[in-house]
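S.K.: predicted model follows, preceded by the sequence.
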Amino acid sequence: MASNVNPTVRRRRLGQELRRLRELKGMTAEEVAERLLVSQSKISRLENGRRSISQRDVRDLCGVYEVEDHRIVDSLMQMAKDSRQQGWWHAFGDIPYSVYIGLETDAASLRVYEPQMVPGLLQTPSYAEALITGALPEAASAEIDKRVQVRLRRQERIHAEESPLRLWAVLDESALRRIVGSRDVMREQLEQLAELSQMPHVTVQVMPFAMGAHPGVNGQYAILEFPDAADSSVVYLEGVTSDLYLEKANDVQSYSVMYEHLRAQALNVGQSREFIIEAAKEYAR
């Protein structure tokens, strides 16, 4: 395993391998949980990478699955040790969507639909601060500042000289019309959005109001894909108190097909950039 793979991805790979060993043994998660005197939810969280995996967990599971090859056990134990290292985002303390940040940090491409706001990876500092302040009216200024800094740190994937994140964003017109902060903040944000959309690895499309009902009316979602074929794609659905991650092939396929319909119905790249520039001019008047 490459040394630069972040701990979130390490946990996912280890969880997938543990699931494979369980299925080879012909056991259900309930049966494993009963053998180890733990909850079924713990086994599920270990296998989907949502919970930190200790070397003791790996040892106990390998025992249940009767893994006799010590090289396999040692490899899994090392993966467990590596998975407990901390990513850059841990330096900011408790971040509610740290699992997503870990996935985004290692993703090769990201397809996102945003019905209400400019995607975080394309936000200006002023827009991000105004947006977070409005979304968290009871948050202390220190918490807001921390979230802004994390958002700006995430944007380094867009500007990386080597292997930048391939971003495709479809925005509803609402994201351009909703005044976040002030008209000056919006003008600056849309001007930056138009500029970033000219980067070769960034594609921005606008879904105008005139399009009416479309496949994205149910809300925001993102599809993350990874450079290693061993890492399955993930659909991310953001929630208020908890987030949802879909990894089953049929779920990812359903959202991918829906995204293709969104891209087809939205304004094309050139029309979208002109639309954004015109909206920025309106804010400047």
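M.R.: That came in fine, so what should we check first?

S.K.: which helix or strand contains the nearest residue to residue 29 once chain neighbours are set aside?
M.R.: Leaving aside its sequence neighbours, residue 29 sits nearest to residue 43 (C-beta to C-beta, 6 or more residues apart in numbering; 4.5 Å). C-beta coordinates here come from the backbone N, C-alpha and C atoms, glycine included. Counting by DSSP states H and E, the element that carries residue 43 is helix 40-47.

S.K.: got it, and residue 223?
M.R.: For residue 223, the element it lies in under DSSP H and E is strand 221-225.

S.K.: can you list the strands that that strand pairs with?
M.R.: strand 109-114 (antiparallel), strand 234-237 (antiparallel) (DSSP bridges).

S.K.: model confidence over it, on average?
M.R.: Averaging pLDDT along strand 221-225 gives 94.

S.K.: just the buried positions in the lengthiest helix in the chain, please.
M.R.: If you go by DSSP state H, the chain has its longest helix at helix 7-25. Of the residues in helix 7-25, 7-19, 21-22 count as buried by neighbour count, 16 or more other C-beta atoms under 10 Å.

S.K.: only the buried residues of stretch 153-160, if you could.
M.R.: So, applying 16+ other C-beta under 10 Å, buried residues of stretch 153-160: 154, 155, 157, 158.

S.K.: what are the contacting residues of that stretch?
M.R.: 88-89, 101, 104-105, 120-123, 164-165, 167, 196, 199, 201-202 (C-beta atoms under 8 Å, 6 or more residues apart in numbering).

S.K.: restrict it to CA atoms and write it as PDB.
M.R.: C-alpha atoms of stretch 153-160 as PDB (Å, rounded to 0.1, in the frame of the first residue of the first chain):
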ATOM      1  CA  ARG A 153      -7.700  23.700   3.100                       C
ATOM      2  CA  ARG A 154      -9.900  21.300   1.200                       C
ATOM      3  CA  GLN A 155      -9.700  23.600  -1.900                       C
ATOM      4  CA  GLU A 156      -6.000  22.700  -2.200                       C
ATOM      5  CA  ARG A 157      -7.100  19.600  -4.100                       C
ATOM      6  CA  ILE A 158      -8.400  21.900  -6.900                       C
ATOM      7  CA  HIS A 159      -5.200  23.900  -7.200                       C
ATOM      8  CA  ALA A 160      -2.800  21.000  -6.800                       C
END
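
S.K.: just the pLDDT for residue 4.
M.R.: The predicted local confidence for residue 4 is 48.

S.K.: show me what contacts the residue nearest to residue 29?
M.R.: By C-beta under 8 Å, 6+ apart, the neighbours of residue 43 are 29, 32, 33, 36.

S.K.: how close does it sit to residue 27?
M.R.: Applying C-beta to C-beta, to the nearest Å, the value for residue 43 to residue 27 is 10 Å.

S.K.: how about residue 232?
M.R.: 22 Å.

S.K.: kindly report the same for residue 14.
M.R.: Distance, residue 14 to residue 27, by C-beta to C-beta: 18 Å.

S.K.: also residue 50?
M.R.: Distance, residue 50 to residue 27, by C-beta to C-beta: 20 Å.

S.K.: three-state assignment of the residue nearest to residue 283 when sequence neighbours are not counted?
M.R.: Nearest non-adjacent residue to residue 283, counting by C-beta to C-beta, 6+ apart: residue 187, 3.9 Å away. Following DSSP: H, G, I helix; E, B strand; the rest coil, we place residue 187 in the helix state.
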